[in-house]
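Colleague: What follows is a predicted protein model with its sequence.
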Amino acid sequence: MSGMADILGHHAATTRLWEALARDALHHAYLFEGPEGVGKHTVALRLAMAANCTGEADPPPCGTCPPCQQIRAGNHPDILVLEPAADRATPIISVDQVREVVRIAGYHRYGARRRFILIDPAEAMLDAAANALLKTLEEPLAGTGFILVATHASALLPTVRSRCQRIRFSAVPEEALQAWLEDRGIQEAGIVARASLGCPGRALSLADGQLQARHLLRDRLLAVLDGDIGDIFAWSVELCSGKRQQWRPRVAEVLDIIDDLLRDAVVYAGGGSAPLLNADAPEVVAMWAQLWPDGVTRCGEAVAEAREQIERNVAGRTLMDALLSRVAKELGTTPEARLRRLGPDRA
Ligand SMILES: [Zn+2]
């Protein structure tokens, strides 16, 4: 590795950042915004390496000198990554975590040319935590810079956004992503590239067996929705067993799957040319497309409501029972479902 040539896409963003670095004119606070898994965190770490590299590479970093290696291994004392604590039921960055980073930022550096404080995802700072950061974010010590990473920059306090220089990251073109995945020997690179919506990070985790697992989960969801109310209640119990930390990601994945199906329904019904996320199951997409437009809106609202309820600590079973019943009801009113109820001889 050398420079940023191996970073997929984001040419405008990296050019701008590396030019600022070469002029010794990096801003003290950047906001990297763009879809999840698109490469924001990767570019942030690469910039930290480039700014501290002691090797000869042009453009930096070399990837092999001691600072580069330390940053890559995640143990450079001047490169701080602030992220939600893993043991919390709700993934937030607490006020205490922010205060600790602010405290460290007030000390001299351990020896880095430039200290970086990476906050990812910045939306995980609730208002109190963000407010605790403001003063330091505005005027850090010389040689200290912030990089805030966000999928939904609009969720940040305006006072945080206004202190940052915004760098936008957009999806990587599908063909480029497919070629990149093929270079890495990933099977079915075309399908994975399409399903990841141009986000290399998402593509890699999908390729890592998740695509298959996700399809299985989707097929289970579809079977439950096609069953009766007893099937829904039984699956809610199964999904939401264990502690909140355990069921929360499972439920979030089901919500993502429903969102993906609704998104495909819109593409299909609208006759759009965008690739389908569920391209492996066109008959399912055609069925969901019958919900368009009002049923799609209602189901989308129900999913959004379920996401809010998770944040408000509503019991998992309660919200899944309500959501699945709602979606099943919508699907039950499609012409296809009515035909099925009537039976083949009356169809
Ligand atoms: Zn280096």
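Modeller: Right, received. Where do you want to start?
Colleague: Is P60 in contact with L47, as I believe?
Modeller: No - the criterion here is C-beta atoms under 8 Å, and P60 misses it with L47 at 9.7 Å. C-beta coordinates here come from the backbone N, C-alpha and C atoms, glycine included.
Colleague: Neighbour count for these two, which is higher?
Modeller: Higher neighbour count among P60 and L47: L47, with 27 against 24, using other C-beta atoms under 10 Å.
Colleague: what secondary structure does that one sit in?
Modeller: State at L47, reduced to three classes by DSSP: H, G, I helix; E, B strand; the rest coil: helix.
Colleague: ok, so what distance separates the residue nearest to it when sequence neighbours are not counted from the ion?
Modeller: Leaving aside its sequence neighbours, L47 sits nearest to L17 (C-beta to C-beta, 6 or more residues apart in numbering; 5.6 Å). L17 sits 16 Å away from the ion, going by C-beta to the ion, to the nearest Å.
Colleague: A223 - how many residues pack around it?
Modeller: Neighbour count of A223, defined by other C-beta under 10 Å: 11.
Colleague: per-residue pLDDT, it?
Modeller: At A223, the model reports a pLDDT of 94.
Colleague: Number the chain from 155, please
Modeller: Shifting the count to begin at 155 puts that one at A377.
Colleague: From the ion, how far off is it?
Modeller: Applying C-beta to the ion to A377 and the ion gives a distance of 52 Å.
Colleague: if we can go back for a sec, list residues touching both of P214 and L201?
Modeller: Counting by C-beta atoms under 8 Å, 6 or more residues apart in numbering, the residues touching both P214 and L201 are L175.
Colleague: Contacts only, for the nearest residue to R200 once chain neighbours are set aside.
Modeller: Spatial nearest neighbour of R200, excluding adjacent residues (C-beta to C-beta, 6+ apart): M158 at 5.7 Å. When contacts are counted by C-beta under 8 Å, 6+ apart, M158 touches 168, 172, 197, 200, 204, 213.
Colleague: 7 Å - rerun?
Modeller: 168, 172, 200, 213 (C-beta atoms under 7 Å, 6 or more residues apart in numbering).
Colleague: How about L291?
Modeller: 183, 300, 314, 317.
Colleague: with those in mind, which one is nearest to E490?
Modeller: Nearest to E490 among the contacts of L291: V314, at 47.8 Å, using C-beta to C-beta.
Colleague: Number of residues surrounding the residue nearest to T472 when sequence neighbours are not counted?
Modeller: Excluding the flanking residues, the one nearest T472 by C-beta to C-beta, 6+ apart is Q463, at 7.8 Å. By other C-beta under 10 Å, the residues close to Q463 number 18.
Colleague: Alpha carbons only: can I get the helix or strand hosting Q463 in PDB?
Modeller: Per DSSP states H and E: Q463 is located in helix 448-465. The C-alpha coordinates for helix 448-465 follow below in PDB (Å, rounded to 0.1, in the frame of the first residue of the first chain):
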ATOM      1  CA  ASP A 448     -50.100   3.700  -0.700                       C
ATOM      2  CA  GLY A 449     -49.300   0.300   0.800                       C
ATOM      3  CA  VAL A 450     -45.600   0.900   0.400                       C
ATOM      4  CA  THR A 451     -45.900   4.300   2.200                       C
ATOM      5  CA  ARG A 452     -47.900   2.700   5.100                       C
ATOM      6  CA  CYS A 453     -45.400  -0.200   5.400                       C
ATOM      7  CA  GLY A 454     -42.500   2.200   5.300                       C
ATOM      8  CA  GLU A 455     -44.000   4.300   8.000                       C
ATOM      9  CA  ALA A 456     -44.600   1.200  10.100                       C
ATOM     10  CA  VAL A 457     -40.900   0.300   9.800                       C
ATOM     11  CA  ALA A 458     -39.800   3.800  10.700                       C
ATOM     12  CA  GLU A 459     -42.100   3.600  13.700                       C
ATOM     13  CA  ALA A 460     -40.600   0.300  14.800                       C
ATOM     14  CA  ARG A 461     -37.100   1.800  14.600                       C
ATOM     15  CA  GLU A 462     -38.200   4.700  16.800                       C
ATOM     16  CA  GLN A 463     -39.800   2.300  19.300                       C
ATOM     17  CA  ILE A 464     -36.500   0.400  19.600                       C
ATOM     18  CA  GLU A 465     -34.900   3.700  20.600                       C
END
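Colleague: Show me what counts as buried in the host helix or strand of W389.
Modeller: Following DSSP H and E, the helix or strand that holds W389 is helix 383-393. Buried residues in helix 383-393, defined by neighbour count with 16 or more other C-beta atoms under 10 Å: 386-387, 389-390, 393.
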